[in-house]
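>>> fold the following, please.
(one chain, ligands or ions: 2)
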Amino acid sequence: MNAADSQWMALALRLAEQGLYTTSPNPRVGCVLVKQHEVVGTGWHERAGEPHAEVHALRAAGKSAKGATAYVTLEPCSHHGRTPPCADALVAAGIKRVVAAMQDPNPQVAGQGIARLRAAGIGVECGLMEVAARELNIGFVSRMTRGIPWVRSKVAASLDGRTALANGSSKWITGEAARCDVQHWRARSCAVLTGIGTVLADDPQLNVREMPAARQPLRVVLDSELRISSQAEILRNGHALVYTACTVDAKLKALSARGAEVVTLAGLDGKVDLFAVMRDLARRGINEVLVEAGRELNGALLKAGLVDEMVLYLAPQLLGDAARGLAELGELTQLQQRVPLQWQDVRQVGSDLRIVAKISRE
Ligand code: AOF
Ligand code: ZN
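Numbering: from 1, shown residues only. Ligands and ions are numbered 1, 2, ... in the order given. Predicted coordinates for the structure are as follows:
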């Protein structure tokens, strides 16, 4: 692989990014076809059920695809899903060489696409710009390899990590630009998850606003005792899912009548079983979850090891020790109990600071 290969793969990745808000449950994939140093076709996957990136690129190239090199951000598929195998389409079009960024973690593909191309005499290289390709499909990879979605927790806090005063006052800690920025995280997520505490205190909608949204994320509430009101904003316009530990039939029925799906998944402690929730969300094809919750649910998810990444908006203010922290972790008595993070990205958004950090897992 050479510098030109990297340049074409970078283009394929940019194309794949076009599907950031639309492809789920499918991965974001881009494809560039190059012959004699010239692009003869490009494509990206737009929506599940519609053609894959390779098919769009092959259609654009027509007869010029013969003898070309295909740069794809994910191993071409080998299975009949909603669409036929891309590996076969590449072979039929007379593609000479395929450069893929990463293997498809989908067990239905998992190397078989590459094997099929090689069996047809096509030269295949895999792994170019793999880190970026994995990052773009972090939720899809997580769902396929771990059976749970990638979980991102968004928190708006003061510089000293406080989210509300002791009496609960918290409206607008961060500024307009930060609130707008949050919309992008929501829009790329398949689900936005919160706890009943936040629903009762703020009655949020948790939908995508202030930007065009091709689809709204599924809104998910964890509500062990089913305290949610059937008039809650989050239940408006359907597309809401409530996980509870409650089995009282009348309550379940009242909510279902509002169009919400209610699922009872009780853990041994009488609360909603957080692992079971994540497994169930993955089963529903949820790749990325955005948690927008208070310190209680954030703490519970962190302690369960279910948070993968934090998106922190820090406002230039101090709220002091009596104010509420961003995650209820209980009292740590040993430093080994701390939650280690790795900075991914730091930037200023309006008047606030945005830090993206991943939870380190050694
Ligand atoms: C590719 N190119 O652009 C995408 C791929 O139901 P289907 O037919 O859409 O298949 C979905 C699966 O195909 C998905 O889980 C993943 O393994 C692969 N996605 N593959 O060659 C693409 N989006
Ligand atoms: Zn395909």
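
>>> the bottom helix or strand of the protein by mean pLDDT?
Least confident helix or strand of the chain, by mean pLDDT, DSSP states H and E, is helix 249-257 with a mean of 80.

>>> who does that one touch, helix- and strand-wise?
On a contact count with 3 or more C-beta pairs under 8 Å, 6 or more residues apart in numbering; DSSP states H and E, helix 249-257 meets strand 261-264. Yep, even glycine has a C-beta here, placed from its N, CA and C like the rest.

>>> next secondary structure after the strand it packs on?
helix 274-283 (DSSP states H and E).

>>> in that next one, which residues are buried?
The neighbour-count check on helix 274-283 (16 or more other C-beta atoms under 10 Å) flags Leu274, Val277, Met278, Arg279, Asp280, Leu281, Ala282 as buried.

>>> same question, stretch 298-316
298-303, 306-315.

>>> ok, the residues you listed vs ligand 1, which is closest?
Of all the buried residues of stretch 298-316, ligand 1 sits closest to Asp308, with 20.1 Å by C-beta to the nearest ligand atom.

>>> is it true that that closest one touches Arg143?
No - Asp308 lies out of contact with Arg143 (C-beta atoms under 8 Å); the separation is 11.9 Å.

>>> follow-up on the earlier one: let me have the buried residues of helix 274-283 in a markdown table, extended by distance to ligand 1 and pLDDT.
Compiled in a markdown table, the buried residues of helix 274-283 are given as follows (distance: C-beta to the nearest ligand atom, whole Å; pLDDT from 0 to 100):
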| residue | distance to ligand 1 | pLDDT |
| --- | --- | --- |
| Leu274 | 25 | 97 |
| Val277 | 22 | 98 |
| Met278 | 19 | 98 |
| Arg279 | 18 | 98 |
| Asp280 | 19 | 98 |
| Leu281 | 16 | 98 |
| Ala282 | 13 | 98 |
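
>>> may I ask which two of those are separated the most?
Taking C-beta to C-beta as the measure, the buried residues of helix 274-283 span a maximum distance of 13.0 Å, between Leu274 and Ala282.

>>> name the residues contacting each of Asp308 and Arg143.
Trp150 (C-beta atoms under 8 Å, 6 or more residues apart in numbering).

>>> confirm Glu296 sits in a helix?
Yes - Glu296: assigned to a helix according to DSSP: H, G, I helix; E, B strand; the rest coil.

>>> find the residue closest to it in space, skipping its chain neighbours.
Glu328 (5.2 Å; C-beta to C-beta, 6 or more residues apart in numbering).

>>> run through the residues that contact the one you found.
Arg295, Glu296, Asn298, Gly299, Ala300.

>>> ramachandran angles for the residue nearest to Gly49 when sequence neighbours are not counted?
Nearest residue to Gly49, sequence neighbours excluded (C-beta to C-beta, 6+ apart): Arg82, at 4.8 Å. Per-residue torsions, Arg82: phi -70, psi -20 (degrees, to the nearest 10).

>>> Arg82 reaches Pro51, doesn't it?
No - using C-beta under 8 Å as the test, Arg82 is too far from Pro51 to be in contact (9.7 Å).

>>> more crowded one of these two?
Pro51 (19 against 10; other C-beta atoms under 10 Å).

>>> and that one, how close does it get to ligand 1?
Look at Pro51 and ligand 1: by C-beta to the nearest ligand atom, to the nearest Å, they are 8 Å apart.

>>> could you do Val29 as well?
Distance from Val29 to ligand 1, by C-beta to the nearest ligand atom: 3 Å.

>>> and if you look at Arg146?
Where ligand 1 is concerned, Arg146 sits at a distance of 15 Å (C-beta to the nearest ligand atom).

>>> okay, helices next: where are they in the protein?
3-17, 53-61, 86-92, 112-119, 130-136, 138-146, 176-188, 196-202, 249-257, 274-283, 295-303 (DSSP state H).

>>> so which of those helices is nearest ligand 2?
Proximity to ligand 2 (C-beta to the ion) singles out helix 86-92 among the helices of the chain, at 3.2 Å.
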